[in-house]
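Asker: any chance you could fold what I've pasted below:
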Amino acid sequence: KSDRSIDAQLQTAYVTTSIPPSPENTQGFDSALEQICENVAEEIRQGNTVIVLSDIPDMQQQKRVLSASLAVRTVDRYLRNAGLRDRASLIVESSEITSAGEALKTVALGADAVAIDPRVALLSMGCTTWEASEPTIPDDAAKRASNIFSSWHEQIKKLMGGADITDIRNATANPYLIYS
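Answerer: Got it, this is the predicted structure:
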């Protein structure tokens, strides 16, 4: 099944896009995506209204990981076909979202929201070295983080304006935005 933890107040489920390594695991890309879709659908049927689709690897388990940014398109279509898409919000948590363009692309592919890998956030704040639990954070880290996210906000507005989209909700599950 899926790796998950549930926050009872928000009814949130976490579904990873990882594939356990094993000699008998000959699961191809298509069947791995199908399994992820089934895991997400099952979480929605169990009453979860927020699904976090994550490709942030668990370094201790050394699993292969499919891109959550790309898997969200297949998950979105699967849920629409199953009549479940309007019952939950999809949040993509990905180590691949490192720019405003990647964030908007992920929304265009079907995510309702994106969450960046905490390591990307630390790098944006100027952290150059850190241990797993004790990052070295510069004194101006809050200002740097504010600057990067303000910059992303402006970039996303420009990208949307170039595609003649005025509301982010009109960008959700709109893959044509990627090609415009």
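
Asker: next helix or strand past the lowest-mean-pLDDT helix or strand in the chain?
Answerer: Ranking every helix and strand in the chain by mean pLDDT, DSSP states H and E puts strand 6-7 at the bottom, with a mean of 46. Remark: after strand 6-7, the chain's next helix or strand is strand 12-16, criterion DSSP states H and E.

Asker: burial count for G28?
Answerer: G28: 9 surrounding residues under other CB atoms under 10 Å. Every C-beta, even on glycine, is put in place using the N, C-alpha and C of the backbone.

Asker: hang on, isn't A103 packed against H153?
Answerer: No: the pair A103 / H153 is not scored as a contact, 9.9 Å apart, by CB atoms under 8 Å.

Asker: which one's more surrounded, those two?
Answerer: Neighbour count, other CB under 10 Å: between A103 and H153, A103 has more, with 24 against 12.

Asker: from T74, how far out is that one?
Answerer: Note on A103: its distance to T74, by CB to CB, to the nearest Å, is 19 Å.

Asker: please apply the same query to S67.
Answerer: In this view, S67 and T74 are 11 Å apart by CB to CB.

Asker: neighbour count winner among those two?
Answerer: With neighbours defined as other CB under 10 Å, S67 and T74 compare such that T74 has more, 18 against 14.

Asker: which residues are in contact with the more buried one?
Answerer: By CB atoms under 8 Å, 6 or more residues apart in numbering, the contact list for T74 reads 33, 36-37.

Asker: what do you get for A145?
Answerer: Contacts for A145 (CB under 8 Å, 6+ apart) come out as 121, 124-125.

Asker: quick one: it is in a helix?
Answerer: Yes: judged by DSSP: H, G, I helix; E, B strand; the rest coil, A145 forms part of a helix.

Asker: hey, where'd the strands end up in the chain?
Answerer: Assigned by DSSP state E, the chain shows strands spanning 6-7, 12-16, 18-19, 50-54, 64-65, 89-94, 113-116.

Asker: per-residue pLDDT of Y176, please?
Answerer: You'll see Y176 listed with a pLDDT of 67.

Asker: wait, R144
Answerer: 81.

Asker: next: the one 10 residues further on.
Answerer: With respect to pLDDT, E154 has a value of 94.

Asker: gap between T166 and I56?
Answerer: The gap separating T166 from I56 is 32 Å, by CB to CB.

Asker: which one of the two has more residues nearby?
Answerer: Neighbour tally, T166 and I56, criterion other CB under 10 Å: the higher count belongs to I56, 20 against 11.
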